[in-house]
Structures are given as C-alpha cells and as structure tokens.
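In: Quick one, what's the 3D model for this:
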Amino acid sequence: MDTLVKQDPAAPDGFFESEAAGLRWLAEATATGGARVAAVIAVSPGRIELERIRPARATPEAARAFGAALARTHGAGADAFGAPPRGWDGPGFIGRRPQLYARESSWGGFYARERVRPFLDLAEEAGSVTAAEARGIREACERVASGAFDDDEAPARIHGDLWNGNLLWDDAGGVLIDPAAHGGHRETDLAMLALFGAPHLGEIVAGYESVHPLRAGWRDRIPVHQLHPLAVHAAGYGRGYGVELAAAARAVLALPGV
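Out: As a prediction, this is how the structure comes out:
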C-alpha cells in the first residue's frame with residue numbers, strides 16, 4: 001500500500017492523534033457498508049502516516065454510492081451530541097483550530113455553544129463581522145440553542161468537516177479524509193458538502209435518501225448547519241465569509257422550527 005506522511009513538529013498536542021481517532025471511528029462503519037476512509041498506518045506526536053488515495057474523477061454513479069455509504073456511516077451513531085470518537089479523550093480540532101467536545105442529549109445547545117459561538121467571537125475580533133452582524137448571529141445561535149431545530153433523531157456519527165477537499169475520489173469511489181468527527185446531526189455533513197460544492201451533489205443526496213430519507217424541510221435548514229463552517233472560515237479567512245455568515249443567520253431567524 002502506498003502511503004502519505006504528514007508531519008509537523010510544532011503541531012498542537014494531540015493534533016494528529018485526534019485525526020487518527022476520528023478516521024478510525026468513521027472506518028468502523030465501513031465493514032457494514034459505510035463510507036470508505038483513508039486508513040491510518042501509524043500515528044505519533046507530530047506525525048501521521050495514511051493510506052495514499054490515487055485521485056480519479058468523480059462520476060454520478062460513484063457519487064450516488066458514496067451518498068448511500070455516508071448514510072450508513074451516520075447510522076452507526078455516537079454516544080451523545082458532541083461526543084468524541086469512542087475511546088478518544090484528547091482534544092478536538094477543525095483544521096488547526098481547537099474545538100471542544102460535549103456529551104448532550106439534545107443537539108441545538110451543543111451546536112450553538114461549541115460549534116458556532118467560539119468561532120463567531122474570533123471572527124468579530126478579526127473584523128470579519130460587524131458588531132451589528134454579530135448581534136444577529138448571536139440571536140440565531142440563541143434560536144438554535146433553544147431547541148427550535150432539534151428533532152427525535154439519535155446522534156449521528158458525522159465527519160464534521162466535510163467540505164469538498166476532505167472527500168477524495170479514486171477508481172473505487174469516494175474516500176473520507178481529515179475529519180473533525182463527533183456525534184452530531186446528520187444534516188450537518190450534507191450542508192457542508194452543499195456549501196463548498198461537492199461534485200454531483202444531487203446524486204450524493206439521492207444515494208443518501210435511498211438508505212435513510214431526510215426529514216421534510218432539510219433543504220430549508222441548510223443555513224442552520226452552515227453556521228459552523230462559515231464561522232470557522234470567517235475567523236480565519238476574512239470579511240467575505242463574515243458576510244455569508246450573517247446572511248445564513250438571517251435565514252435561520254426566518255425559518256419555522258421543526
């Protein structure tokens with residue numbers, strides 16, 4: 001097997017170990033039809049060795065098969081909303097930024113508190129959102145935290161950072177890399193794929209729904225689940241993402257509850 005080594009002696013404590021824990025946790029579902037995951041060969045402080053994925057073009061058929069597999073990965077479940085990969089008690093990250101885990105019975109409070117607000121604070125400090133925009137975003141967070149978008153679904157085993165760059169394609173189909181894995185809401189991964197333009201997204205969704213149909217109104221709720229990635233990007237990549245974040249917050253405030 002060809003491998004790829006990523007290393008950084010200055011990486012935060014637990015950085016690569018957290019990545020390995022997430023990959024292995026997601027990979028537990030592969031044997032029962034879940035999404036393929038880049039195999040972890042070895043991990044140590046400052047270094048991780050992974051299976052190398054040989055790139056190929058995504059096809060509609062591969063996208064549909066990936067969507068079905070992602071639904072099965074989500075269905076493998078998690079211990080709680082915000083829970084880390086089972087057996088991992090170290091730090092969590094999205095990219096290189098730390099983010100906290102939690103163990104909650106409802107999704108909205110966890111999501112607003114640990115996935116949106118910390119990055120909103122950073123985005124405001126960076127000047128990516130105005131004070132007026134930040135007030136509107138915090139109001140949207142309060143609505144999410146109130147449980148307005150909670151439902152009766154169990155915590156899903158989600159990738160947590162499923163933008164297009166973390167979904168690779170080879171001759172056998174889609175492969176997950178570089179997760180921020182935790183117990184979350186299954187609509188979150190699909191919303192991030194929509195935000196950053198996954199190829200053949202309609203086929204991915206069709207494959208997903210062939211295994212586990214999505215709750216009515218899920219497309220309207222996409223802005224709820226995009227608050228997190230937009231806040232992360234506004235914290236580090238400038239005003240354009242802050243504008244998008246504020247627009248998503250306005251959309252959230254206009255939505256009916258579940």
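In: my guess is Asp161 contacts Thr188, does it?
Out: No - look at Asp161 against Thr188 with Cβ atoms under 8 Å: they stay out of range, at 9.9 Å. C-beta coordinates here come from the backbone N, C-alpha and C atoms, glycine included.
In: which of the two has more neighbours?
Out: Thr188 (27 against 24; other Cβ atoms under 10 Å).
In: looking at this, the more buried one is in a strand?
Out: No - the assignment for Thr188 by DSSP: H, G, I helix; E, B strand; the rest coil gives helix, which leaves it out of any strand.
In: Could I get the contacting residues of it?
Out: Counting by Cβ atoms under 8 Å, 6 or more residues apart in numbering, Thr188 makes contact with 111, 158, 160, 225, 228.
In: again, only using 6 Å
Out: By Cβ atoms under 6 Å, 6 or more residues apart in numbering, Thr188 lies in contact with 158, 225.
In: Next, work out how far apart it and Ala10 are.
Out: Thr188 is 30 Å from Ala10, where distance means Cβ to Cβ, to the nearest Å.
In: quick one: secondary structure of Glu139?
Out: Assigned with three-state DSSP, Glu139 falls in the helix class.
In: Same check on Ala83?
Out: Quick answer, by three-state DSSP: Ala83 is coil.
In: Was I right to think it contacts Arg103?
Out: Yes - when contacts are counted by Cβ atoms under 6 Å, Ala83 is listed as touching Arg103 (5.4 Å).
In: Looking at the two, which is more packed in?
Out: Neighbours per residue (other Cβ under 10 Å) separate Ala83 from Arg103, with Ala83 holding more: 21 against 14.
In: Model confidence score at that one, please.
Out: Per-residue confidence (pLDDT) for Ala83: 98.
In: which residues does the residue nearest to it when sequence neighbours are not counted contact?
Out: Leaving aside its chain neighbours, Ala83 sits nearest to Gly183 (3.9 Å; criterion: Cβ to Cβ, 6 or more residues apart in numbering). Counting by Cβ under 6 Å, 6+ apart, Gly183 makes contact with 78, 80-81, 83, 155.
In: Make TSV from those residues and add distance to Leu214 to it.
Out: Listed next are the contacts of Gly183 as TSV, based on distance: Cβ to Cβ, whole Å:
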residue	distance to Leu214
Ala78	18
Ala80	22
Phe81	18
Ala83	22
Pro155	16
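In: Are any of those buried, and if so which?
Out: 78, 80-81, 83, 155 (16 or more other Cβ atoms under 10 Å).
In: tell me which of those residues is nearest to Asp178?
Out: Minimum distance to Asp178 across these is 18.6 Å, recorded for Ala78 (Cβ to Cβ).
In: Hmm, Pro155 and that closest one touching each other?
Out: Yes - counting by Cβ under 6 Å, Ala78 touches Pro155, with 4.2 Å between them.
In: OK, contacts around the most centrally placed residue in the chain?
Out: Nearest to the mean C-alpha position of the chain, by Cα atoms, centre = their mean, lies Gly160 at 2.0 Å. Residues in contact with Gly160 (Cβ under 6 Å, 6+ apart) are 179-182.
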